[in-house]
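*Asks:* Give me the fold of what follows.
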Amino acid sequence: MSRIKTLALLTLAVGLLSAPLAFAQGGTPAAGGATETKATTAPQKSKAKSTTSASHKAAKLDLNSASREELIKLPDVGEAIADKIIAARPLKSKDELVAKGIVTKSEYSKFSSHVIAKQAAVAAK
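*Replies:* You can find the predicted model right below:
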């Protein structure tokens, strides 16, 4: 009987001590005395996404000047497609890849956000 009372008192003490600690950390007590951390992890995820999207905007590859090796690094672009892109240069726009039959629409959709087609500067005569 004394073991049951001791266990009950210990359980009560843990419960009473964990509630103020959970409140002080900004969470609410969950099952098992743990605190909920959804509010603290959500901003970190969105921060990581914004950093990632910013690096993608700055790192677009020019179809008219990229090397074969750079083109092969694009998603779903292998050696054959890289060779076709190089043979089709100069491209006026990246959309010409589909219009000229160099890649299919589904292939194009996988890497189109990573590329641009810059025009060469025209020298004034």
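*Asks:* Only C-alpha atoms from now on, for both contacts and neighbour counts.
*Replies:* Fine.
*Asks:* Return the helix or strand in the chain with minimum mean pLDDT.
*Replies:* Ranked by mean pLDDT, DSSP states H and E, the helix or strand of the chain with the weakest confidence is helix 38-58, at a mean of 50.
*Asks:* Next SSE downstream of that helix?
*Replies:* strand 61-62 (DSSP states H and E).
*Asks:* Can you name every helix or strand that that next one contacts?
*Replies:* Packed against strand 61-62 by the contact rule (3 or more CA pairs under 8 Å, 6 or more residues apart in numbering; DSSP states H and E) you find strand 115-116.
*Asks:* Stretch 77-92 spans what distance, first to last residue?
*Replies:* For stretch 77-92, the first-to-last residue distance is 20 Å (CA to CA, to the nearest Å).
*Asks:* what does that stretch contact?
*Replies:* Residues outside stretch 77-92 that contact it (CA atoms under 8 Å, 6 or more residues apart in numbering): 63-64, 68, 71-72, 97, 102-103, 107, 117-119.
*Asks:* try 7 Å
*Replies:* Outside stretch 77-92, the residues that touch it by CA atoms under 7 Å, 6 or more residues apart in numbering are 64, 68, 71-72, 102, 117, 119.
*Asks:* for these, which one is nearest residue 93?
*Replies:* residue 117 (5.2 Å; CA to CA).
*Asks:* you'd agree the closest one is up against residue 94?
*Replies:* Yes. With contact defined as CA atoms under 7 Å, residue 117 reaches residue 94; the gap is 5.3 Å.
*Asks:* Can you pull the domain assignment for this protein?
*Replies:* Following automatic domain parsing, the chain resolves into domains at 1-34, 61-116.
*Asks:* Let me have these in JSON lines, adding mean pLDDT and mean neighbour count as columns.
*Replies:* Listed next are these as JSON lines, based on pLDDT from 0 to 100; neighbours: other CA atoms under 10 Å:
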{"stretch": "domain 1-34", "mean pLDDT": "64", "mean neighbour count": "12"}
{"stretch": "domain 61-116", "mean pLDDT": "95", "mean neighbour count": "16"}
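*Asks:* Would you state the helices of this structure in chain order?
*Replies:* Along the chain, counting by DSSP state H, helices occupy 2-24, 38-58, 68-72, 79-87, 96-99, 105-111.
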